[in-house]
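Engineer: how does the following fold in three dimensions:
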Amino acid sequence: EFFCSFYGVCRATLRAVPPCDKRVGTLDEHVVSVAEDGGVVCVVGVAYNGGVAQDVVVSCALLGVEVGIECGPGYASLKQDADGYYILFDGTSLDGWRGYGQDAVPTSWELSDGTIHLKGSGTGEAQAEGGGDLIFAHKFCNFTLELEYKISKGGNSGIFYMAQEVKSNGEYLPIWQSSSEYQVLDNENHIDAQLGVDGNRQSASLYDMIPAKPQNAKPFGEWNKVKIMVFKGTVIHFQNDEKVLEYHLWTPKWNEMLDNSKFNATGDFPIAYELLKNMGGEKREGYIGLQDHGDDVWYRNVRVKVQ
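Structural biologist: Have a look, this model is predicted:
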């Protein structure tokens, strides 16, 4: 427990709870700061829902007081299983998750029979009101991510990793402009499977860059197993217990792939080019995220091992 007492005028109880998430900004023109101390931090209070506690921060910030909270590594107190993985989703709550660029879980996502379910809107990447991509509120560097997904008929989604929250002209850029994407797709019924080059938009591919081979995705309505390994720039995708691709960040080959992709420096996404070229930023770390592409999709058994 942390206590703030400002000249006897404002007193509130703040609790730093992992997973942590650094949210620094202003509220009613008063500074709200969150300090780092070996990790990032979130603040919880009565109205806590994945970001800062609005009621507590407002009560202090309106007095013009700067608020600073510290805590340790964001994942350190999460439950671990027998294999040493931290449990990011245990089937019972969305604690630790929030929307990309948001302080709360978007209303398009829900708990459903022990899964994280995106309620399909049919609007594709446009997303419905209350929608948005879902991220786990802590950045990871070297890790192994495992989970399972089930896609709907004709459905499209994706798993982001090494993602950043980046603004341009005051608006958040789409998450895919700063991160790699493990494609999630109904290969038989979604048109994206027929686009791209050599199947590089099919399930488990590094979206629009490297095809997953062998292409061993199960049909819509069935559970598929995912494993993504990231270690010092080496990235490996697995699908249903088979290795399907490997690539290496921050290398001349990686830069060459970017130059030959839709993310090239002279294309439509010049900011994305720089972000992807330096994936993970200075600390070589980023968020794990689940894509809202407007189609029903289910995720379960989400866990990560920190290397």
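Engineer: skipping adjacent residues, who's closest to residue 201 in space?
Structural biologist: In space, residue 201 comes closest to residue 192 once its chain neighbours are excluded; the distance is 4.6 Å by Cβ to Cβ, 6 or more residues apart in numbering. Where C-beta positions appear, they are placed from N, C-alpha and C, glycine not excepted.
Engineer: are we agreed that the one you found is in a helix?
Structural biologist: Yes - according to DSSP: H, G, I helix; E, B strand; the rest coil, residue 192 belongs to a helix.
Engineer: from here on, call the first residue 46.
Structural biologist: Right, with 46 as the first residue, what we last looked at is residue 237.
Engineer: got a list of what it touches?
Structural biologist: 201, 230, 246-247 (Cβ atoms under 8 Å, 6 or more residues apart in numbering).
Engineer: go on, residue 320?
Structural biologist: Contacts of residue 320 by Cβ under 8 Å, 6+ apart are 209, 211, 218, 222-223.
Engineer: by neighbours, which of these wins?
Structural biologist: Counting neighbours by other Cβ atoms under 10 Å, the top entry in these is residue 223, with 24 neighbours.
Engineer: from residue 176, how far out is it?
Structural biologist: 19 Å (Cβ to Cβ, to the nearest Å).
Engineer: what's the closest non-adjacent residue to residue 179?
Structural biologist: In space, residue 179 is closest to residue 335, 4.6 Å off (Cβ to Cβ, 6+ apart).
Engineer: helices along the stretch 96-245 of the chain, start to end?
Structural biologist: For the stretch 96-245 of the chain, the helices defined by DSSP state H, counting those that start in this stretch cover 99-106.
Engineer: where does pLDDT dip in the stretch 146-295 of the chain?
Structural biologist: Low-confidence segments of the stretch 146-295 of the chain (pLDDT under 70): 171.
Engineer: out of the contacts of residue 237, which is most surrounded?
Structural biologist: Going by other Cβ under 10 Å, residue 230 tops those with 27 neighbours.
Engineer: now do the contacts for it.
Structural biologist: By Cβ under 8 Å, 6+ apart, the residues touching residue 230 are 196, 200-202, 237-238, 246-248, 262.
Engineer: keep only those of these that are in strands.
Structural biologist: Cross-referencing the contacts of residue 230 against strands under DSSP state E gives 196, 201-202.
Engineer: quick revisit: so which of the contacts of residue 320 belong to strands?
Structural biologist: Short answer: these have none in strands (DSSP E).
Engineer: now tabulate those in CSV and tack on distance to residue 158.
Structural biologist: Shown next, in CSV, are those (distance: Cβ to Cβ, whole Å):
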residue, distance to residue 158
209, 32
211, 35
218, 34
222, 33
223, 32
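Engineer: give the buried residues for stretch 217-235.
Structural biologist: Going by neighbour count (16 or more other Cβ atoms under 10 Å), the buried part of stretch 217-235 is 218-232, 235.
Engineer: what's the helix or strand for the closest residue to residue 189 other than its chain neighbours?
Structural biologist: Leaving aside its chain neighbours, residue 189 sits nearest to residue 350 (4.5 Å; criterion: Cβ to Cβ, 6+ apart). In the assignment (DSSP states H and E), residue 350 maps to strand 342-351.
Engineer: hmm, back to that, let me know the closest of the contacts of residue 237 to residue 126.
Structural biologist: Of all the contacts of residue 237, the one with the least separation from residue 126 (Cβ to Cβ) is residue 230, at 28.6 Å.
Engineer: find the nearest non-adjacent residue to the closest one, please.
Structural biologist: Closest residue to residue 230 apart from its sequence neighbours, by Cβ to Cβ, 6+ apart: residue 248 at 4.7 Å.
Engineer: what residues are up against residue 190?
Structural biologist: Taking Cβ under 8 Å, 6+ apart as the test, what residue 190 contacts is 204, 206, 271-275, 333, 347-349.
Engineer: 6 Å - rerun?
Structural biologist: Under the criterion of Cβ atoms under 6 Å, 6 or more residues apart in numbering, the neighbours of residue 190 are 273, 349.
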